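Q: fold the following and give me the result.
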Amino acid sequence: MISGKFAITIHILTLLTKFPNDFLSSEFIAGSINLNPVLVRKEIANLKAHHIVESKEGKNGGTKLAVNPSNITLKEIFGMTFDTINLGYAKNTPNPDCPVGKKINQNLGLLYADINQKISLQLDDITLEDFSIQF
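A: Have a look, this model is predicted:
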């Protein structure tokens, strides 16, 4: 299912792009997103695991970009937050004797695969730097 993880991740990375020489605290980032710092730190941990950001602890600690924003695409960032977009399936098992019920999940799967391919193609053309220029 779709969550706000991609939006949160892009928000974090855009802030870090705008302050390339500063280590930003999770509290500062959380204030911009209007989100609990714990949730921000969770997304930062994911970015750190992918070697996109670096962090330092202490009074002047925080997080900053570890990559050039022109060298990473939104597709790559999307891949760090989701495998694919899934708009969901019915919670109950559809009736296999119904002409719609017996094929609904198969056809939704094909639709979702097509959506993901189109999203990937579009996001692959946009770098983090391209996106950040808007701000």
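Q: most distant residue from the centre of this protein?
A: D97 (39.2 Å; CA atoms, centre = their mean).
Q: can you give me the distance of that one to K103?
A: 12 Å (CB to CB, to the nearest Å). Every residue, glycine included, has its C-beta placed from N, CA and C.
Q: shared neighbours of these two, anything?
A: Taking CB atoms under 8 Å, 6 or more residues apart in numbering as the contact rule, D97 and K103 touch no residue in common.
Q: now do the residue farthest from the centre of the chain against A30, distance only.
A: In terms of CB to CB, D97 sits 51 Å off from A30.
Q: cool, and F6?
A: Taking CB to CB, one finds F6 at 17 Å from A30.
Q: before we move on, what about N68?
A: 25 Å.
Q: then P94?
A: On the measure of CB to CB, P94 and A30 end up 42 Å apart.
Q: the more surrounded of the two?
A: A direct count of neighbours by other CB atoms under 10 Å for P94 and A30 places A30 higher, at 18 against 14.
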